[in-house]
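Trainee: I would like the atomic coordinates for the input below:
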Amino acid sequence: MAATDIGIEFAGDRRMLWIASEWQNYSEQLAEWAMEHLANRRDVWSQYTLRNGEVRVVMLPIKERRAAGTDMVTITKLKRHFGGRVVSHLIGLHSISDHQTAKWFAIDIDLHDETLANAGEIAEANLNAALVWAARLRAAGFDPLVFDSNGVGGYHIWVLLDREYPLADVYDYADSVRSDWQQLDLPRKPEIFPPKRQVGPDDLPYTLRLPGRHHTRKHFTRVRNFDPMIGQEWLEGGEAIEAMLSARPAPLPRVKKRAVKNDPKPAPKPRKPAAKRKPRVCIDLDGVLASYDGWKGPELIGEPLKGARDFALALDKIADIVIYSSRCSEDLGDETGRMIDPVRMRVKIIDWLERYKIPFRDVYIGRGKPVASAFIDDRAVMCSPQTDKDAFKEALAAARSLIRRRRSGEIK
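Mentor: Numbering: from 1, shown residues only. From the prediction side, this is the model:
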């Protein structure tokens with residue numbers, strides 16, 4: 001019988017109920033982690049459904065509603081998935097962004113039918129391949145997560161990248177990792193994510209189910225332990241989740257292109273100097289990009305100011321734009337006095353930026369100021385006493401003028 005509600009499915013099984021409660025307790029942390037590291041795009045996802053005892057997967061939102069941009073992968077959706085109370089809360093995410101990049105890759109070494117005559121041999125080969133490839137990835141500087149995905153011999157390897165990389169580069173690297181699958185006695189070539197080297201504008205390849213509760217089996221994801229100080233091979237519950245949350249994103253190495261046989265070897269091209277990384281520039285949201293007429297709550301963002309988008313487009317050519325806003329401060333509250341989740345506010349700001357097509361590299365939610373080459377703020381006062389002997393005097397005059405103008409109502 002297909003899985004339904006956890007309370008019904010695991011009734012009488014104290015161990016499974018404990019593991020399920022661990023995933024529910026960590027669901028908010030996992031949702032924030034997944035939004036940061038796994039959500040390549042938020043406008044589409046896959047959702048599991050349960051009808052007449054049969055589990056199916058559907059792509060959401062339906063094609064007619066995608067253009068509206070009203071349905072998104074949100075912290076709430078991710079939290080419900082990791083809480084895993086019912087099958088219809090489970091989702092999968094795309095490994096490719098809408099601008100042909102990826103910030104993670106995975107290898108799916110699956111075994112769906114444990115009743116096969118040679119299922120034991122397949123499961124053993126699957127685990128061996130997963131461990132061989134994980135060792136290879138670790139030697140390359142990655143911190144791979146090896147998941148026991150279904151409890152009967154299926155394994156997933158997930159690798160977090162330190163930033164978005166071009167789709168073709170991520171695909172080529174993942175493909176190179178699985179290249180010796182036949183030598184490892186696997187019955188078929190494992191699927192990789194991203195599953196394609198390039199995609200068209202309307203091409204939506206299949207997704208990969210997020211770790212957590214299995215959609216048909218009494219199983220929660222287990223994580224392979226690579227710490228020799230811990231005796232157990234597989235981590236479950238909170239220990240598995242802590243291993244996921246502490247996984248280290250890593251840079252993607254370059255993949256050597258395979259030489260084409262019978263083709264004359266091309267003359268070596270002169271080496272191009274490495275492209276310089278663009279500097280980071282932080283821009284305040286309110287009063288610089290969005291109109292601001294006094295505080296009306298953390299989620300009420302004004303319309304874009306005239307010229308704001310053109311300014312951001314021009315700046316984007318020379319710098320990586322980071323939005324820095326007090327709206328993402330943990331000290332803010334809504335109209336009911338409840339504290340505002342900074343990650344939720346980050347998503348709100350991203351929605352606003354994307355709606356008005358304002359380019360940005362990131363929305364900062366960390367503590368203190370982010371590292372940047374420059375800050376653009378409607379309340380900023382310049383002060384560089386190390387290089388200007390009159391800096392303090394000029395900064396004091398500018399601060400007095402700014403305060404006086406605010407008190408008089410000239411600026412808000």
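
Trainee: just the mean pLDDT for stretch 163-183, thanks.
Mentor: On average, the pLDDT along stretch 163-183 is 96.

Trainee: distance from the chain centre to it, please.
Mentor: 19 Å (Cα atoms, centre = their mean, to the nearest Å).

Trainee: and for stretch 12-28?
Mentor: 24 Å.

Trainee: next: stretch 25-34.
Mentor: 12 Å.

Trainee: which strand or helix spans residue 254?
Mentor: Here residue 254 is covered by no helix or strand, with elements defined by DSSP states H and E.

Trainee: please look at it and residue 168 and confirm they touch.
Mentor: No - look at residue 254 against residue 168 with Cβ atoms under 8 Å: they stay out of range, at 11.7 Å. Where you see a C-beta, it was placed from the backbone N, CA and C, and this is true even at glycine.

Trainee: those two: which has the busier surroundings?
Mentor: residue 168 (16 against 9; other Cβ atoms under 10 Å).

Trainee: which non-adjacent residue is nearest the more buried one?
Mentor: residue 197 (5.2 Å; Cβ to Cβ, 6 or more residues apart in numbering).

Trainee: can you tell me how far that neighbour sits from residue 171?
Mentor: According to Cβ to Cβ, to the nearest Å, residue 197 and residue 171 sit 4 Å apart.

Trainee: next: residue 189.
Mentor: Distance, residue 189 to residue 171, using Cβ to Cβ: 14 Å.

Trainee: so between those two, which is more surrounded?
Mentor: Neighbours per residue (other Cβ under 10 Å) separate residue 189 from residue 171, with residue 171 holding more: 23 against 11.

Trainee: in stretch 217-225, what's buried?
Mentor: Buried residues in stretch 217-225, counted by 16 or more other Cβ atoms under 10 Å: 217, 219-225.

Trainee: ugh, wrong one, stretch 238-257
Mentor: 240-241, 243-244, 247, 250, 252, 255.

Trainee: same check on stretch 32-47?
Mentor: Residues of stretch 32-47 classed as buried by neighbour count (16+ other Cβ under 10 Å): 32-35, 37-47.

Trainee: per the record, what domains does this protein have?
Mentor: 1-94, 98-113+122-206+221-254, 280-380 (automatic domain parsing).

Trainee: please enumerate the helices of the stretch 151-300 of the chain.
Mentor: 167-177, 237-245 (DSSP state H, counting those that start in this stretch).

Trainee: for the last one, name the packing helices and strands.
Mentor: Judged by 3 or more Cβ pairs under 8 Å, 6 or more residues apart in numbering; DSSP states H and E, helix 237-245 is in contact with helix 14-25, helix 27-37, strand 222-224, strand 234-235.

Trainee: now with 10 Å, please.
Mentor: Under the contact criterion of 3 or more Cβ pairs under 10 Å, 6 or more residues apart in numbering; DSSP states H and E, helix 237-245 touches helix 14-25, helix 27-37, strand 145-148, strand 222-224, strand 234-235.

Trainee: to residue 325, which of the ones you listed lies closest?
Mentor: Across the helices and strands packed on helix 237-245, residue 325 has its closest neighbour in helix 27-37 (17.2 Å, Cβ to Cβ).

Trainee: I'd like to know which elements that closest one is packed against.
Mentor: Packed next to helix 27-37, using 3+ Cβ pairs under 10 Å, 6+ apart, are helix 75-83, strand 91-93, strand 101-109, strand 155-166, helix 237-245, helix 342-355.

Trainee: make it 7 Å
Mentor: In terms of contacts (3 or more Cβ pairs under 7 Å, 6 or more residues apart in numbering; DSSP states H and E), helix 27-37 is packed against helix 75-83, helix 237-245.

Trainee: would you mind pulling the contact partners of it?
Mentor: The contact list for helix 27-37, computed with Cβ atoms under 7 Å, 6 or more residues apart in numbering, reads 75, 78-79, 82-83, 103-104, 160, 210, 241, 245, 249, 343.

Trainee: among the helices and strands packed on helix 27-37, which comes closest to residue 295?
Mentor: Between the helices and strands packed on helix 27-37, helix 75-83 lies closest to residue 295; by Cβ to Cβ that is 23.5 Å.
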